[in-house]
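Participant: need coordinates for the following:
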Amino acid sequence: MQKRLGRQTVALETPPVILSHAAVGGRQEGEGPLAEYFDHLGDDSFFGEKSWERAESVMQKIALSKALEKGGLTPEDLDYILAGDLLNQCVGSSFALREFGVPFYGLYGACSTMGESLALSSLLVAGGFARHVAAMTSSHFCTAERQYRMPVPYGSQRTPTAQWTATAAGCAVVAKEGTGPKITAVTCGRIVDQGVKDSNNMGAAMAPAAFDTLSAHFAATGTKPADYDLVVTGDLGRLGHRIVTDLFREKGVDMGGRYTDCGLLLYDIQGQDMHAGASGCGCAASVLCGYLLREMEEGKWDRILFAPTGALLSPTTTFQGESIPAICHALTIQR
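Facilitator: Next up is the predicted model:
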């Protein structure tokens, strides 16, 4: 039986296991500090395909196949796949999975999608509705730039607050039984909009959502940042990370040296000239499914709080001058 803690959090009294996981990246990711944690790195942005959109689907195929292989599973062993991406109608995911023949739920949480898919997978498994569920997402720098900002060949200047969309994918297989880190609690985020309208400043737009969800998780579980070996948000980058730290400081909470962000980890921000850091669904997904989970398995951390964030905008809403609503989902993962 699962236990609701407040309005947003569920404690999983029969915690599901992250049985296996895999991360895929592109050339820039292969030049970053986490290169050794990827299961597959592409040589260019096309991954052997004719378009960037098809390349993104290939990344998801590779991530899923690698995760299944590492877990000793086949597609027939999966009860569901929960996946999404940044492309219109989530075609990166649906086109990737059309040949696998597995029941599929398409999700959209922008850059929070890894947290969303992992949380829902955990609830399905812990609730007895599935034995194995794959949670997956991806992003691609070129597809995201073309859809949300400017065509890549245009060569538009990037502002100092802009972040680099990761060309990456991550997949985690959540299971009822097995060996691996366990998901012990999940907190569903609320939509938070503080009026930020600049699509080149995602960190500022998403930071209030991260603060809201983390605050709810700490309150519901009776924990504080010091109770975790690592608190890691997703894709806030330099500016958003600083804003979250300041918001908690105003409430008398010291996030300390245990708090970091996937957008600060994926690249060498100075050496690779990534401005405010990394972003994109694939950023948090690949950092979790590559670096974080592997280091947990090797004993570096016993308990982490993973909280990816997403900006729920579209090109149309941006052109119409709308502000940017954001969301953050949080999961406690324990060794």
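Participant: so where's the stretch 1-150 of the chain uncertain?
Facilitator: 1, 147-150 (pLDDT under 70).
Participant: in it, which spans are helices?
Facilitator: 27-30, 52-70, 91-97, 113-126, 141-148 (DSSP state H, counting those that start in this stretch).
Participant: out of the ones you listed, flag the one nearest residue 135.
Facilitator: helix 113-126 (3.7 Å; CB to CB). Where C-beta positions appear, they are placed from N, C-alpha and C, glycine not excepted.
Participant: which other helices and strands contact that closest one?
Facilitator: For helix 113-126, the packing partners by 3 or more CB pairs under 8 Å, 6 or more residues apart in numbering; DSSP states H and E come out as strand 80-84, strand 132-139, strand 168-175, strand 182-187, helix 281-286, strand 303-311, strand 330-334.
Participant: pull out the CA atoms of that helix and give them to me as CSV.
Facilitator: The C-alpha trace of helix 113-126 is given here as CSV (Å, rounded to 0.1, in the frame of the first residue of the first chain):
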residue,chain,number,x,y,z
THR,A,113,9.8,14.8,-18.9
MET,A,114,12.4,12.4,-17.4
GLY,A,115,11.0,13.2,-14.0
GLU,A,116,7.5,12.9,-15.2
SER,A,117,8.0,9.6,-16.9
LEU,A,118,10.0,8.1,-14.1
ALA,A,119,7.4,9.2,-11.5
LEU,A,120,4.5,7.7,-13.4
SER,A,121,6.5,4.5,-14.1
SER,A,122,7.2,4.2,-10.4
LEU,A,123,3.5,4.6,-9.6
LEU,A,124,2.5,2.0,-12.1
VAL,A,125,4.9,-0.5,-10.8
ALA,A,126,4.4,0.2,-7.1
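Participant: just want the angle from it to strand 132-139.
Facilitator: For helix 113-126 against strand 132-139, the angle by axes from the mean of the first three to the mean of the last three CA atoms, to 10 degrees is 170 degrees.
Participant: so which bits of helix 113-126 are buried?
Facilitator: Going by neighbour count (16 or more other CB atoms under 10 Å), the buried part of helix 113-126 is 113-126.
Participant: now distance to residue 56 too, for these, in a markdown table please.
Facilitator: Below are the buried residues of helix 113-126 laid out as a markdown table (distance: CB to CB, whole Å):
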| residue | distance to residue 56 |
| --- | --- |
| 113 | 13 |
| 114 | 15 |
| 115 | 19 |
| 116 | 18 |
| 117 | 16 |
| 118 | 20 |
| 119 | 23 |
| 120 | 22 |
| 121 | 21 |
| 122 | 25 |
| 123 | 27 |
| 124 | 25 |
| 125 | 27 |
| 126 | 30 |
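Participant: the closest residue to residue 332 other than its chain neighbours and residue 303, how far apart?
Facilitator: Nearest non-adjacent residue to residue 332, counting by CB to CB, 6 or more residues apart in numbering: residue 185, 4.2 Å away. Using CB to CB, to the nearest Å, we find residue 185 at a distance of 11 Å from residue 303.
Participant: and this structure, what are its domains?
Facilitator: 3-175, 182-334 (automatic domain parsing).
Participant: how far out from the middle of the chain is the longest one?
Facilitator: This points to domain 3-175. How far domain 3-175 lies from its chain's middle: 8 Å, per CA atoms, centre = their mean, to the nearest Å.
Participant: likewise the last one?
Facilitator: Averaging C-alpha positions (CA atoms, centre = their mean) puts domain 182-334 9 Å from its chain's average.
Participant: mind listing the strands in the stretch 201-335 of the chain by residue range?
Facilitator: 230-234, 259-261, 278-279, 303-311, 326-328, 330-334 (DSSP state E, counting those that start in this stretch).
Participant: would you mind finding the most buried of those?
Facilitator: Ranked by mean neighbour count, the strands of the stretch 201-335 of the chain are led by strand 278-279 with a mean of 34 (mean count of other CB atoms under 10 Å).
Participant: show me what that strand pairs with in its sheet, parallel or antiparallel.
Facilitator: Paired strands of strand 278-279, with direction, are strand 164-165 (parallel) (DSSP bridges).
Participant: picking that back up, and the strands of the stretch 201-335 of the chain: which comes nearest residue 212?
Facilitator: With CB to CB as the measure, strand 326-328 is the member of the strands of the stretch 201-335 of the chain nearest residue 212 (7.1 Å).
Participant: what about the closest one, average pLDDT?
Facilitator: Computed over strand 326-328, the mean pLDDT rounds to 98.
Participant: again with stretch 258-269
Facilitator: The pLDDT scores in stretch 258-269 average 93.
Participant: count the residues that sit near residue 30.
Facilitator: Using other CB atoms under 10 Å, residue 30 has 16 neighbouring residues.
Participant: ugh, typo on my part, it should be residue 297
Facilitator: Neighbour count for residue 297, taken as other CB under 10 Å: 15.
Participant: please apply the same query to residue 31.
Facilitator: Residue 31 has 14 nearby residues by other CB under 10 Å.
Participant: tell me how far it lies from residue 167.
Facilitator: For residue 31, the distance to residue 167 - CB to CB - is 12 Å.
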